[in-house]
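Asks: Output the structure for:
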Amino acid sequence: MTTPAAPAALAPDTRTRILDLAESLLLERGFNAFSYQHLAKALGVKPAAIHYHYPSKDDLGTAIVARQLRRLRKWRDLPRVADLPPAEQLEALFAVYDNHARQECRVCLFGALAADFRTLPAPMQAELRTFNGELTAWLAQVLAVGKATGALRFVGSPSAKAVQVLTTLAGALQVARVHDETPYHTIVSQLRLELLA
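Replies: Numbering: from 1, shown residues only. The predicted model follows:
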């Protein structure tokens, strides 16, 4: 079934369409597994149009991660996330990863880029480190408040537990890609069992 095209006034501009497609390909295949030729063909434009908006693939990759970082900041500051009690903030994070699992077992940004990290351009590496650092710090704060109020339980420091939880979630998406969603849900259920008081 096809849906009607959006009116011209609502259609995303070429720059956004490029970024959207590149992000989708990155999460499906990895950064090194698609080219400007792939993008141009799928979008029905010449490769020069891609280069006009993103002169190099390094620029494009950095823009993808920078946009994800902006999304993370906006998401964590939304009242529907920021004002929740710690256990519900944790569930909001799980919901983000659940969404990846439902979308044909796509991996998260970190999972998609970590394996190729040493081949990524330096600005992209820096953005990914910032993204991961901010997500980890946010989760550590949620865990700290949750532990202090008795809503969450775990052994060790909140920062160490945050790293473990995020690594587990990224790995669970990788496992789901190999099998199906079943092991992903088993892993997340185990996290809930261990963390929720």
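Asks: mean confidence score for the longest helix along the chain?
Replies: If you go by DSSP state H, the chain has its longest helix at helix 122-149. On average, the pLDDT along helix 122-149 is 97.
Asks: try stretch 43-57
Replies: pLDDT averaged over stretch 43-57 gives 92.
Asks: before we move on, the earlier item: next, the buried residues of the longest helix of the chain.
Replies: Neighbour counts using 16 or more other C-beta atoms under 10 Å place 124-125, 127-128, 131-132, 135-136, 138-144, 146-147 of helix 122-149 among the buried residues. For glycine as for every other residue, the C-beta is placed from the backbone atoms N, C-alpha and C.
Asks: Same check on stretch 101-112?
Replies: Neighbour-count burial for stretch 101-112 [16+ other C-beta under 10 Å]: 101, 105-112.
Asks: okay, the residues you listed in a markdown table with pLDDT, distance to Ala66 and secondary structure next?
Replies: Shown next, in a markdown table, are the buried residues of stretch 101-112 (pLDDT from 0 to 100; distance: C-beta to C-beta, whole Å; DSSP: H, G, I helix; E, B strand; the rest coil):
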| residue | pLDDT | distance to Ala66 | secondary structure |
| --- | --- | --- | --- |
| Ala101 | 88 | 25 | helix |
| Cys105 | 65 | 25 | coil |
| Arg106 | 78 | 19 | coil |
| Val107 | 86 | 19 | coil |
| Cys108 | 88 | 16 | coil |
| Leu109 | 90 | 11 | helix |
| Phe110 | 92 | 15 | helix |
| Gly111 | 90 | 18 | helix |
| Ala112 | 90 | 15 | helix |
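Asks: Tell me which residues touch Leu135, please.
Replies: Going by C-beta atoms under 8 Å, 6 or more residues apart in numbering, Leu135 touches 72, 166.
Asks: what's the answer for Ala49, then?
Replies: Ala49 neighbours (C-beta under 8 Å, 6+ apart): 14, 40, 43.
Asks: Derive a ChimeraX selection command for the buried subset of these.
Replies: Buried subset of the contacts of Ala49, written as a ChimeraX selection, criterion 16+ other C-beta under 10 Å:
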select :40,43
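Asks: nearest to Tyr97, of the contacts of Ala49?
Replies: For the contacts of Ala49, the closest approach to Tyr97 (C-beta to C-beta) belongs to Leu43, at 28.6 Å.
Asks: Report pLDDT for the closest residue in space to Arg102 that isn't next to it in sequence.
Replies: Closest residue to Arg102 apart from its sequence neighbours, by C-beta to C-beta, 6 or more residues apart in numbering: Glu181 at 7.3 Å. pLDDT recorded at Glu181 is 87.
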